[in-house]
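# The sequence isn't on hand, but the structure is:
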């Protein structure tokens, strides 16, 4: 059996969506699933062999991609030493407020009663260093970078988003919608593994694990371009997925950690995360009965989309990666344990499900290594006062405006004018607001002067004072808002939230403050005008 | 949707004879033996619907082979034969061995594994029906090219808010040792058209 280890470099943000988030939101996994990698490699295979379709019944194809002879393991991010990380065990806890020390409850449970507030480590991936003398083992915790973007689905025929009642699906129209992608950021590196059960196939597969591929969804929207590069090939005799020497027992215990999600069925054919069913499945594989001491586990709904079918996959309940089971040390041969580790457990093992590590983290206490993850892309040095710097500044400012626009919409939706003035009164004020917004440097001076004039006119004043926003009169609210110097609080936005590109960060200037406060006032008044019209009907 | 816990005592029976050479013949024999009407099978190369008609299992690959692949033991992942009273699930375990079980309504006085259940209609893909031969309909949905051929005649055109097909699932409930009630088994029991308002 051969093991091929390869790197994946994301050239673009990558969106392999998990089942979570809102309907108008695509949230990507923190890793690249083996099923996605297998799909990309199948596509390369088809291209290389000038095929349009895969014959799923062909024994050669089945061995390469389907029946589990070849397994495509998940791509996990790298640590600061460019080593493949693994899912953080769910038995790792830390005391609230202490980010430095980790206690492994699988190795040793805390004494009870315990007044400490324990919580799970909370970072999805980790790498465990080699033990050095008596000191605590060092652990690096890694969370991949994310790329969040808001997109608008346009109705192609109209060139803009259209409501559902205005479109005609027979003409290929789709209703307009705003949706949000939370993808893996581009520029990051991941490492994945292919285990070839048939040595003769390894060479063929190795040739497919180099070059450019597309991963995940929204490929035509600038997502998913990546490159693969084989790093090394090993024999399974010397290789372990955890990269550490094999330990046969830990204080008379057997600790099994799931390095990927696992799909295990009970006797009714139901996918389950019941620890007793998992124990039974593991016992069967080892050929000896296991006695469960502790289980640290969570469930996860797995689904996905099968491009071959053109349909979503049936959803299934999986044991989540990082789940840990502690058993009494069984009376079984080391080779059986190694075999279990190599082959994994449960279904869809060809796609990297059901990976297992045995006695991977034997120490009860661990120390967090503060070294940040390796920079996969070195920041470019941008000469000051260059065109590039001006361009980056412009980009950062546009991104800032996009984020402020989102906050503006959210804030406007929260503000409601009770008993608003007549539309004629509002229109007079709005025309001044629009005049100011058309200027290169808008000012609130003229608007405040107009509000002063309203105070002097009885009819108008009565209307603006009678109108209320929460407990304030509209007139007071307008004056306060336009003179607000702590506008960031009003928008729930801080300077630190401003986007940064390389070393250039957009700043919240006074000009932006004035512009967005005027726009906020205008948007609130525009809503009141609409509601007045509705009532008049 | 309001969910109601109903009493439907059910029995689970393992199917021991899983020596399958021709999977279609095996499924047809089981469908006849247990009086099961519908088939929903997931294979490596596609999704297959079928119906037992006059003792013959008619599958979607016979009417639209470009969408639905043939039923083959080599490529089949799992298959469900179902009717109102029972479901047979055939699946391939992690070691490529066939496993099967039957969940059926318990006869009066018979010992049962589950009592309480909730029924759930799951919406099936398909807004654009295209009639096929033999009472099948090709259901398409959206720009992604979602297509599957169901053994029902569907007419009309639907939008995304009114997909008419429903796959009915019965979830059996049981208390665990901590007292939590959980879904311990689920079976399909019907596929039908919902009346579109």
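Noted; the coordinates are in hand. Predicted model, so just to flag it, every value in this text is computed and none were measured.
# Please name the nearest non-neighbouring residue to residue A:190.
residue A:75 (3.8 Å; Cβ to Cβ, 6 or more residues apart in numbering or on different chains). C-beta: built from backbone N, CA, C; applies to glycine.
# hey, where'd the helices end up in chain B?
With DSSP state H as the criterion, chain B has helices at B:23-34.
# doesn't residue A:500 make contact with residue A:395?
No. The pair residue A:395 / residue A:500 is not scored as a contact, 10.6 Å apart, by Cβ atoms under 8 Å.
# other SSEs contacting the longest strand seen in chain B?
Assignment by DSSP state E gives strand B:181-193 as the longest strand of chain B. The contact analysis (3 or more Cβ pairs under 8 Å, 6 or more residues apart in numbering or on different chains; DSSP states H and E) places strand B:181-193 against strand B:38-43, strand B:76-83, strand B:86-92, strand B:114-123, strand B:165-175.
# switch the cut-off to 6 Å
On a contact count with 3 or more Cβ pairs under 6 Å, 6 or more residues apart in numbering or on different chains; DSSP states H and E, strand B:181-193 meets strand B:76-83, strand B:165-175.
# residues in contact with it?
Applying Cβ atoms under 6 Å, 6 or more residues apart in numbering or on different chains, the external contacts of strand B:181-193 come out as A:268, A:270, B:38, B:80, B:82, B:84, B:87, B:103, B:164, B:166-176.
# 7 Å instead, please
Defining contact as Cβ atoms under 7 Å, 6 or more residues apart in numbering or on different chains, one finds that strand B:181-193 is touched by A:268, A:270, B:38, B:40, B:80, B:82-84, B:87, B:103, B:114, B:150, B:152, B:154, B:164-176.
# burial of the closest residue to residue B:32 other than its chain neighbours, as a residue count?
In space, and not counting its chain neighbours, residue B:32 is closest to residue B:55: 6.0 Å by Cβ to Cβ, 6+ apart. Each residue near residue B:55 was counted by other Cβ atoms under 10 Å in any protein chain shown, and the total is 8.
# List, one by one, the residues from chain B near chain A.
Neighbours of chain A within chain B, by Cβ under 7 Å from any Cβ of the partner chain: B:12, B:14, B:42, B:44-47, B:72, B:74-75, B:89, B:91, B:93-94, B:96, B:99, B:101, B:125, B:143, B:145-148, B:159, B:184-186.
# Now which of these would you call buried?
Among the residues of chain B next to chain A, those classed as buried by 16 or more other Cβ atoms under 10 Å in any protein chain shown are B:12, B:42, B:44-47, B:72, B:75, B:89, B:91, B:94, B:99, B:101, B:125, B:146-148, B:184-186.
# shaky segments in the chain?
If you meant another chain, say so; for now it's chain A. The model of chain A has pLDDT under 70 over residues A:20-23, A:112-113, A:131-135, A:169, A:172, A:372-381, A:502-503.
# meant chain B actually
B:1, B:143-144, B:196-197.
# related to what we said a few turns ago, got phi/psi on the residue nearest to residue A:190?
Phi and psi for residue A:75, reported as degrees, to the nearest 10, are phi -90, psi 120.
# Across the sheet, point out what pairs with the nearest residue in space to residue B:77 that is not next to it in sequence.
The spatially closest residue to residue B:77, leaving aside those adjacent along the chain, is residue B:42, at 4.8 Å (Cβ to Cβ, 6+ apart). As for beta bridges, residue B:42 partners with residue B:47, residue B:78 under DSSP bridges.
# for residue A:147, same thing?
For residue A:147, the beta-bridge partners under DSSP bridges are residue A:183.
# and if you look at residue B:123?
Going by DSSP bridges, residue B:123 is paired in beta bridges with residue B:166.
# how near is the residue lying farthest from the centre of chain B to residue A:274?
Note on chain B: the largest C-alpha distance from the chain mean falls to residue B:178, namely 31.9 Å (Cα atoms, centre = their mean). Note on residue B:178: its distance to residue A:274, by Cβ to Cβ, to the nearest Å, is 12 Å.
# before we move on, what about residue A:7?
37 Å.
# tally of neighbours for the residue lying closest to residue A:231 once chain neighbours are set aside?
Once flanking residues are discounted, residue A:231 sits nearest to residue A:5: 4.8 Å by Cβ to Cβ, 6+ apart. Neighbour count for residue A:5, taken as other Cβ under 10 Å: 17.
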